[in-house]
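[1] The following comprises the amino acid sequence and a computationally predicted model.
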Amino acid sequence: MSRSLNKVTLIGNLGADPEVRSTSGGNRVATFSLATSRSWNAASGEKQEKTEWHRCVVWNSKASTLADIVERYLKKGDKVYVEGRIEYRQWQDKEGQTRYSTEINVRELIMLSGRSGGPDAEAAEGSSRRPAAAAKGAAGATGAAGGDFEDFRGALEEEDDDLPF
């Protein structure tokens with residue numbers, strides 16, 4: 001049997017606050033745009049930059065409340081790590097035109113920004129460990145064992161506390 005893989009990994013910034021809605025069946029879904037950029041030097045030596053925009057879709061499921069986490073903690077400008085699969089859809093609009101959409105169906109999400117957007121943001125303002133705790137909560141909500149990355153982030157943050165500058 002032939003196997004295949006459809007996996008996307010992105011690190012970028014949200015272009016706008018996430019939009020969250022409920023389906024007619026009561027399931028919650030969050031969508032947001034994620035910007036990734038790359039830069040290079042042209043042959044002339046001039047610095048070039050290109051930004052790509054990705055439409056990300058996050059669903060709640062029986063094992064995860066990831067859409068609720070996105071709604072509660074993410075906002076425009078936040079840096080996130082997302083992992084999922086790419087999906088292509090097509091549909092007919094009201095005028096009968098065929099429309100196409102490319103989306104990232106997110107299964108993993110780690111918050112990388114240094115600030116917290118939740119209701120307890122004021123209490124977390126002075127804590128450098130708050131973002132790592134939020135990241136672990138998001139990864140844990142997906143049911144994934146992404147501990148290696150979070151442990152690495154936690155170790156880096158603990159080292160920062162001892163720096164004299």
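    Received, thanks.
[2] By mean pLDDT, which helix or strand of this protein comes out lowest?
    Least confident helix or strand of the chain, by mean pLDDT, DSSP states H and E, is helix 121-124 with a mean of 35.
[3] List phi and psi for Pro18.
    phi -60, psi 150 (degrees, to the nearest 10).
[4] Quick one: residues contacting it.
    Ala30, Thr31, Phe32, Val58, Val70, Glu71, Leu74, Lys75 (CB atoms under 8 Å, 6 or more residues apart in numbering). Every C-beta, even on glycine, is put in place using the N, C-alpha and C of the backbone.
[5] isn't the second one right next to Glu19, touching?
    In other words, Thr31. Yes - counting by CB atoms under 8 Å, Thr31 sits close enough to Glu19 to count as a contact (5.2 Å).
[6] And these two? Which one has more around it.
    Comparing Thr31 with Glu19 by other CB atoms under 10 Å, the one with more neighbours is Thr31, at 17 against 12.
[7] And the contacts of the helix or strand hosting the more buried one?
    Taking DSSP states H and E as the criterion, Thr31 maps to strand 28-41. Strand 28-41 has contacts (CB under 8 Å, 6+ apart) with 10-23, 47-60, 65-68, 70-71, 74, 80, 82, 104.
[8] filter those residues to the buried ones?
    10, 12-14, 18, 20, 54, 56-58, 60, 65-67, 70-71, 74, 80, 82, 104 (16 or more other CB atoms under 10 Å).
[9] Select from these every entry located in strands.
    Assigned to strands by DSSP state E, the following of the buried ones among the contacts of strand 28-41 qualify: Leu10, Gly12, Asn13, Leu14, Val20, His54, Cys56, Val57, Val58, Val80, Val82, Ile104.
[10] My guess is the second one contacts His54. True?
    Yes - using CB under 8 Å as the test, Gly12 is close enough to His54 to be in contact (7.2 Å).
[11] one step back: just checking: what are the partner strands of the strand holding Thr31?
    strand 8-14 (antiparallel), strand 19-22 (antiparallel), strand 47-59 (antiparallel) (DSSP bridges).
[12] To Gln90, which of those lies closest?
    The closest of these to Gln90 is strand 47-59. By CB to CB, the value is 14.2 Å.
[13] ok, and what's touching that closest one?
    10, 12, 15, 18, 27-42, 66-67, 70, 82, 84, 87, 101-106, 109.
[14] now with 6 Å?
    29-42, 66-67, 70, 82, 103-106 (CB atoms under 6 Å, 6 or more residues apart in numbering).
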